[in-house]
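Asks: got a predicted structure here, sequence first:
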Amino acid sequence: MSEIDKNTQPLLEITGLKKHYPIEAGIAKKQVGLVKAVDDVTLSIRRNEVLGVVGESGCGKTTLGRTILRIIEPTEGSIKFHFDGKEIDFISLDKKALRGMRRHIQMIFQNPYTSLNPRMTIFDIVAEPMRLAGDYTEDEISDRVRDLIGKVGLEVKHLNRYPHAFSGGQRQRIGIARALALGPRFVVADEAVSALDVSIQAQILNLLQELKEEYDLTYMFIAHNLSVVEHISDRVCVMYLGRVAELSETEELFYHPMHPYTEALLSAIPVADPTVKNERIVMPGEVGNAANLPSGCCFHPRCRYAQECCRKECPPLREAAPGHFVACHFADSLKLNGIGELKIKN
Amino acid sequence: MNEYILQVKNLKTWFRLDTGTLKAVDDVTFSLKRNETIGIIGESGCGKSVTAHSILRTVQNPGKVLGGEILYDDGSRLADLVNYKPDSREMRHLRGREISMIFQEPMASLAPVYTIGAQMMEAVMVHQDKKDKMAAKDACMEMLRAVGMPDPEQKFNSYPHQMSGGQCQRAMIALAMVNRPRILIADEPTTALDVTVQAQITDLMKRFQKEYNMSIIYITHDMGVIAEMADTIAVMYLGRVVESGSVKAIFQNPLHPYTRGLLKSMPVLGNKTGEKLNAIEGNVPVPLDPPEECGFCSRCPNRTPECGAGIPSLKEVEPGHLVRCFHV
Amino acid sequence: MALFKKKKAKVSMEEAMYMETQAQLIWRKFKKHKLAMAGMVILIILYLVGFFSEFFATQDIAKRSTTAISMAPTKIHFVDAEGNFSLQPFVYGLKQEEDPVTWRKYYVEDTTQKYPLQFFYHGDPYKLLGFIPGDIHFFGTPQPDVFFPFGTDLSGRDLYSRVLSALRISLTTGLVGVFFTFILGCLFGGISGFYGGIADTIIQRVIEFLMSMPSIPLWMALAAAFPSTWSSLQTYFAITIILSLIGWTSLARVVRGKLLELRNEDFVTAARVAGASDGYIITKHLLPSFSSYLIVNVTLAIPGMILSETSLSFLGIGLTPPIVSLGVLLQDAQSINTVSMYPWMMIPGLFVVIAVLAFNFVGDGLRDAADPYK
């Protein structure tokens, strides 16, 4: 494989990924329905990029992240990693091989208070993945833990403390150090800054960016705060009811959205500038129910451009413009407003 | 009639704990004009929620309002709420009728075993002299319609768990608004909600403010929401108001280093440069037996030895724009 | 790591608090709970006294004093009949008199006989814990048949010595019973919570069945099943096993609930993402996380065990003489007549109350302290 191929080849390719939960009722556990938490998601993540995943609660973004890590086993679909020119079919790995693969893909959690075991010292928390991997000596572990703790901006002298001695932001740093312990290539950050204060949030975002450059990381950054996602992401994926609605380069998506849902989402972002007038697009109704999806395009009951065919036919995700994927029948004909038009400065 | 409906002056609410005195609110001063919204902004632990509970006198033990004034003008006379006992008749009369509050977790703030209707009816009847069930129900239904609740007839008889988060927050607002209070205290009302629902709720509150001539105290940590909602802003840090002024003054001419840091540390929409954010260094301290110094001095970029010498006072720098910093 | 150990010696107070382990945090919180501390002190005293009951007793528990049957607790004096004060307490000898009308026998103090009380005197010989011979007693008088701090029973045996001896049996039944309960509860609760599915359903139904059974008839049925030829020691163990067979259900539910809750904690997911196996997660993350809850539950289960043993023995289907437990002693107080004429027969009941209360206080204190992170 040539050098060029290695770089253009995506790090991660997901095809037709589905996670359906059966709804069971009665003593006989008869299946009475299906919750389509993630439904037919196809996307790829390039090496060293940040893919932001946004959507309202219940859109399946967290389930998607966890399914990619196989914390939740997918119902269908394929997940392929490309490491050093080798293709790894992640779904087909057995339990043991999967544990071996864990070192390459890691996770940062939302809640810094529940993601650290309160009964372990910081040293033990960060050292745990290395001890589990089994190919480090205690001296190597000790050196690496100190190195990591310094890298995430904590003091080495605090290694013997327990998590209760730290604030939320500091705990999140510990969680990041743990995620980096085995030198992963791909990290899923699930709402990693949502629970933090504004001033701390900026520190952690900066840290994530620094670490990305230093360790050549690739992030899947799941969040509901669109300003944060715009800041950190190279590309953004908008999800609605378990499906990808739109996927594109960040600026393209924010300034030239092609999906009506993205447009509505952008219009709702509050802007921290009292001189900006916000053009609000009101979506009627509420997010649909993943257990009882609307027919056709699942966004049609709330879409102001919906037409007859939207009720019947589910639009596939297609490349409407180069690198701009969208799942809408009228992506080409609609003239949608981006933040340039929605947020008007007086 | 006074221009201000509520004036809080030098409010102090401390919690005496085994480990020391937690000065959750230590010198908070702000004024709320009629039919206006004041945004109280700050990070977790800065005392913004305790301030709200101090106004309603619902601070939980071992917290106590230990000083200051909370002057409430009901149009006919000026009352200092600090002088009332928390469970006095006067306070009970004020709560829910004159001053209402909505909370961050709508699901947790509504009683799970009563229907929305029953809870609203109770809120109405408690403040009625002669109990009129029919009139109360009419008032409730009107309010449910006003908050834009889908299918209000049915939702009147629904339990909180049968509704979505957005609907619960609408119900919460309906419950708080049903007695047409003069002041609505909103404590992070949209933090737990999605942006689209957040936009609906803030729009609803703005509409209500116009329709019912109500003043709002809006507590949040989200600068974006505050820029849309508020007329004036009070920035809190470590139990004190460090800067207050009109929304324009705060956003366009922030003077306190904390306010500046806060504004610079946020990613701004449509301003993607790929550069790093200007984060405020350090962590938010806990105000447990705090030293006699400027609360922000441990993280301040413009710190001088003077800053550790005492607590700066809130100075009026330009009309209506107050800053608590030695260097302004 | 060597560097840390050196540094640790010089850490500040605050730093020490940050480096506190879970046990240290719990202990610090527990110490603040006054009632729980009092309960713990009482329990330590009760267990010590019970364990070395031969030493603390005033005489042999089987010895009958024919001259002192159903006698009220002896009065301890500091001032004698002449009004002389002595710092050393003493008791008077007793003589029997008869009510001329009712013919009821009663005892009066004979002020001519004075027996001083002393510490560490030589009295009845005993074997401490069954094998250390000795004859030194903690407090009393070497003169036999005069000093009965709690009175005597219907056969003239010293109730005080018997209560102390009974404490050993009753309090350890609680411990041994809880030990078996703990094993059964953790095992079944663990299977139920961790594996779920059919195993969970079956175990839950069995628990419901056991919980729905009225306990006294069940005890009676089980007690009737042991052969009468069994020695008292065998019966003792059989009783504890019966108690734990019935008592494990609530603990199993706690274990199951806690496991279900912890299984989805973020830090458990984090360990899984780090490549941990099921066994590792159970032993390193799950078990330590709920050990504090287990300790609380076990502490609160002991008084139930003590009460059950007492009730069984009281009903005559538990321990039987010559073993003395608090329940066995209370058998003497079964009739209203006895209680009204010899109220001191109820003293063993008082000890049951004290022990049970003390355990409950300690349990409450532990429960408040158990989760130092909340």
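Replies: Cool, the structure landed. Numbering: from 1, shown residues only, chains lettered A, B, ... in the order given.
Asks: just for the stretch 1-150 of chain C, where's the confidence low?
Replies: Residue ranges of the stretch 1-150 of chain C with pLDDT under 70: C:1-20.
Asks: what packs against the helix or strand in which B:A118 is found?
Replies: Using DSSP states H and E, B:A118 sits in helix B:116-126. Using 3 or more CB pairs under 8 Å, 6 or more residues apart in numbering or on different chains; DSSP states H and E as the contact test, the elements touching helix B:116-126 are helix B:133-146, helix B:152-156, helix B:165-177. All C-beta atoms are positioned from the backbone trio N, CA, C, and that covers glycine.
Asks: ok, the helix or strand just after the last one: who's next to it in the sheet?
Replies: Tracing the chain past helix B:165-177, the next element assigned as helix or strand by DSSP H and E is strand B:183-187. Using DSSP bridges, strand B:183-187 pairs in its sheet with strand B:99-102 (parallel), strand B:215-220 (parallel).
Asks: re earlier: deepest of the helices and strands packed on helix B:116-126, which one?
Replies: Mean neighbour count (mean count of other CB atoms under 10 Å in any protein chain shown) peaks for helix B:165-177 among the helices and strands packed on helix B:116-126, with a mean of 24.
Asks: what comes into contact with it?
Replies: Residues from elsewhere that reach helix B:165-177, judged by CB atoms under 8 Å, 6 or more residues apart in numbering or on different chains: A:57, A:286, B:96, B:100-103, B:106-107, B:109-110, B:116, B:119-120, B:123, B:140, B:143-144, B:146-150, B:155, B:160, B:163, B:184, B:189-190, B:192-194, B:197, B:200-201, B:204-205, B:208, B:212.
Asks: next one: that helix to chain centre, how far?
Replies: Computed by CA atoms, centre = their mean, to the nearest Å, the chain-centroid distance of helix B:165-177 equals 16 Å.
Asks: what angle do helix B:116-126 and it make with each other?
Replies: Helix B:165-177 runs at 10 degrees relative to helix B:116-126, counting by axes from the mean of the first three to the mean of the last three CA atoms, to 10 degrees.
Asks: could I have the CA atoms of helix B:165-177 written out in PDB?
Replies: Below are the C-alpha coordinates for helix B:165-177, written out as PDB (Å, rounded to 0.1, in the frame of the first residue of the first chain):
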ATOM      1  CA  GLY B 165     -39.000  17.300  29.400                       C
ATOM      2  CA  GLY B 166     -40.100  20.200  27.300                       C
ATOM      3  CA  GLN B 167     -43.800  19.700  28.300                       C
ATOM      4  CA  CYS B 168     -42.800  19.300  31.900                       C
ATOM      5  CA  GLN B 169     -41.000  22.600  31.800                       C
ATOM      6  CA  ARG B 170     -44.100  24.200  30.200                       C
ATOM      7  CA  ALA B 171     -46.200  22.700  33.000                       C
ATOM      8  CA  MET B 172     -43.700  24.100  35.500                       C
ATOM      9  CA  ILE B 173     -44.000  27.500  34.000                       C
ATOM     10  CA  ALA B 174     -47.800  27.300  33.900                       C
ATOM     11  CA  LEU B 175     -47.700  26.300  37.600                       C
ATOM     12  CA  ALA B 176     -45.500  29.200  38.500                       C
ATOM     13  CA  MET B 177     -47.500  31.700  36.400                       C
END
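Asks: tell me the mean pLDDT for that helix?
Replies: Taken as a whole, helix B:165-177 has an average pLDDT of 87.
Asks: got the angle for that helix vs helix B:133-146?
Replies: 130 degrees.
Asks: quick revisit: so which of the strands paired with strand B:183-187 gets nearest C:V362?
Replies: Nearest of these to C:V362, taken as CB to CB: strand B:99-102 at 41.1 Å.
Asks: next SSE after the closest one?
Replies: helix B:106-109.
Asks: what's that next one in contact with?
Replies: Residues from elsewhere that reach helix B:106-109 (CB under 8 Å, 6+ apart): B:I102, B:F103, B:P160, B:H161, B:G165, B:C168, B:Q169, B:A171, B:M172, B:A192.
Asks: farthest pair in those?
Replies: Spatial extent of the contacts of helix B:106-109 (CB to CB) is set by the pair B:I102 and B:H161 at 18.6 Å.
Asks: those two: which is more packed in?
Replies: Taking neighbours as other CB atoms under 10 Å in any protein chain shown, B:I102 and B:H161 compare with B:I102 leading, 22 against 10.
Asks: A:E140 is nearest to which of the helices and strands packed on helix B:116-126?
Replies: With CB to CB as the criterion, A:E140 lies closest to helix B:165-177 of the helices and strands packed on helix B:116-126, at 47.5 Å.
Asks: chain neighbours aside, what residue packs nearest to the spatially most central residue of chain C?
Replies: A centroid search over chain C (CA atoms, centre = their mean) returns C:L171, at 2.7 Å, as the residue closest to the centre. Excluding the flanking residues, the one nearest C:L171 by CB to CB, 6 or more residues apart in numbering or on different chains is C:G50, at 5.5 Å.
Asks: thought that neighbour was touching C:R168?
Replies: Yes - using CB atoms under 8 Å, C:G50 makes contact with C:R168 at a distance of 3.9 Å.
Asks: count of neighbours near the residue nearest to A:T62 when sequence neighbours are not counted?
Replies: Spatial nearest neighbour of A:T62, excluding adjacent residues (CB to CB, 6+ apart): A:D190 at 5.8 Å. Neighbours of A:D190 under the rule other CB under 10 Å: 23.
Asks: on that earlier part again, quick one: contacts for the residue nearest to the centre of chain C?
Replies: C:L46, C:Y47, C:G50, C:I306, C:A355.
Asks: which bits of the stretch 251-374 of chain C sit near chain A?
Replies: Within the stretch 251-374 of chain C, the positions near chain A by CB under 8 Å from any CB of the partner chain are C:265-267, C:269-277, C:280, C:285, C:288-289, C:372-373.
Asks: restricted to buried residues, select the residues you listed in PyMOL.
Replies: Buried residues among those (16 or more other CB atoms under 10 Å in any protein chain shown), as a PyMOL selection:
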select buried, chain C and resi 265+266+267+269+270+271+272+273+274+275+276+280+285+289+372
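Asks: so which of the strands paired with strand B:183-187 gets nearest C:W344?
Replies: C:W344 lies closest to strand B:99-102 among the strands paired with strand B:183-187, at 61.8 Å (CB to CB).
Asks: how many residues are close by B:A111?
Replies: 12.
Asks: secondary structure element for C:I69?
Replies: Using DSSP H and E, C:I69 maps to neither a helix nor a strand.
Asks: hang on, it packs against C:L154?
Replies: Yes - using CB under 8 Å, C:I69 is in contact with C:L154, at 6.8 Å.
Asks: neighbour count: these two, which is higher?
Replies: Taking C:I69 and C:L154 together and counting by other CB under 10 Å, C:I69 has the greater number of neighbours (16 against 11).
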